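> Give me a 3D structure for the following:
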Amino acid sequence: MDTRTTSFAVPAFVARPVLQPVAVTRWTARLADEESEEGFRADRFASDRWRASLLLVLAGIAGGLNLIIELYAYARGAGSITALAQPLVAICLPVAGLLIVQILRSSAMLEAAMAAAVLIGSITRLSVLTVHPELAYMWPTMMIGIIFVIYLYLPLRFTTAVALSVVVSMAAPAWWMLVEGAWLPDDQLYRGLIWLLFANALGFTAANSLQRSQRAQYAQSLVLKELLSTDSMTGIGNRRRFDETLEREWRRCSRSGTPLSLLMIDVDHFKAYNDHCGHQQGDDCLRLVARLLVENVVRPGDLVARYGGEEFVCLLPEIGESGARAVAAKLASVVAEADILHPALPGRITISIGVATVTNLAERQPLALVALADKLMYDAKRAGRDQMAVGYL
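Sure thing, here's the model as predicted:
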């Protein structure tokens, strides 16, 4: 006879921590979690590449307009044939850059390409003013425009944008002092330096605010996505997450030719437990079972989720029948060892498990695996509960 006085009690459940958005660093404007930062950049890659392509197209158009002006000047005898070289280069480089951008497949490569494009573009624009020294008064305006493009338009991380802007801001006046020498009036040089400093200060502030805001919004979306795919009562994955993960892993295992196993788990006699102890005690019991399952399914790619009511699922990618059987035996053992007394019946809380494995995924559908696991789980319950039934799809 069981002499325990706390027969209805469930061992204390450690509550799931409240989800918080990933922090955004203040001065570097990055997500503090490196994996989330990489996810943010990957999420924006398509739109970033489109923006980079548009910028290169506009640069090519600007080079084309400049070529038309030089051709007109040459036709009137006001220019030399060598003056056509710069606008031709200003057309060819954006076209080459556009072709390169289209084959890039990562945000890091795109960022490197854009940094190179800025440096090449700055040299090209400065060479225009070198060929036409009478336009020297335009260099502050031109450089300020480049600074704002770097800070606010290009798909660059904030720290990269700052470093690139500093390099361009230092190179521009140095270029003029080396190339033009005494020709450039001091007041024009100092005025240009002041405007460059102002443009960097304003660009720094605006870019920092913009990039932090974009990342904060992304971090909030991660929390929302997590909430939408989390069971509010147990704190583990819900049916939505299971369905999404099953579809994804089915495609992956189908491509790699590896097996996929699914455990359908049901808490035995849970209705009687819930009716006897009440819903609050029943919820505590399910939370404990959920925690036990999650803690004992340790591979990163595996998923434990609540399927509905007192049913749970465990998805095991790249695991065959023998491996799935071993996982099922371990889960049944840890639940039994938790010694959760069932006050409405003799004995303790146990689980019944249907173990379904599919090897030829290309000829099957995910729902067929779920249906088989569900059938096997009911076979285990009909056979007396606290056991597993195994089958192949």
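> switch to C-alpha atoms for all contacts and neighbour counts from now on
Will do.
> And the helices in the stretch 151-300 of the chain?
158-179, 186-228, 239-256, 270-277, 279-295 (DSSP state H, counting those that start in this stretch).
> Return the most buried member of these.
A comparison of those by mean neighbour count, using mean count of other Cα atoms under 10 Å, puts helix 279-295 on top with a mean of 19.
> Between helix 270-277 and it, find me the angle.
If you take axes from the mean of the first three to the mean of the last three Cα atoms, to 10 degrees, helix 279-295 sits at 140 degrees to helix 270-277.
> Now helix 279-295: average pLDDT?
The pLDDT scores in helix 279-295 average 91.
> Only the C-alpha atoms, please, for whichever strand or helix holds residue 352, written as CSV.
Here residue 352 sits within strand 351-358, counting by DSSP states H and E. Extracted C-alpha coordinates of strand 351-358, given in CSV (Å, rounded to 0.1, in the frame of the first residue of the first chain):
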residue,chain,number,x,y,z
ILE,A,351,3.0,6.8,-21.7
SER,A,352,2.1,4.8,-24.8
ILE,A,353,4.2,5.4,-27.9
GLY,A,354,3.7,4.8,-31.6
VAL,A,355,7.0,4.6,-33.4
ALA,A,356,6.8,5.1,-37.2
THR,A,357,9.7,5.2,-39.6
VAL,A,358,9.9,6.0,-43.3
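> what stretches of this structure score poorly on pLDDT?
1-19, 78-83, 128-129, 131-137, 179-185 (pLDDT under 70).
> In this structure residue 360 contacts residue 256, no?
No. If you go by Cα atoms under 8 Å, residue 360 and residue 256 don't touch, sitting 10.9 Å apart.
> quick one: strands adjacent to the strand holding residue 352?
strand 260-267 (antiparallel), strand 388-392 (parallel) (DSSP bridges).
> so which of those strands is the most packed in?
Using mean count of other Cα under 10 Å, strand 260-267 ranks as the most buried of the strands paired with strand 351-358, with a mean of 27.
> which residues are contacting it?
250, 253, 310-321, 324, 328, 349-359, 369-370, 373-374, 377 (Cα atoms under 8 Å, 6 or more residues apart in numbering).
> Restrict the residues you listed to the buried ones and give me that as a PyMOL selection.
In PyMOL syntax, the buried subset of the contacts of strand 260-267 is picked out as below (16 or more other Cα atoms under 10 Å):
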select buried, resi 250+253+310+311+312+313+314+315+316+317+318+319+320+321+324+328+349+350+351+352+353+354+355+356+357+358+359+369+370+373+374+377
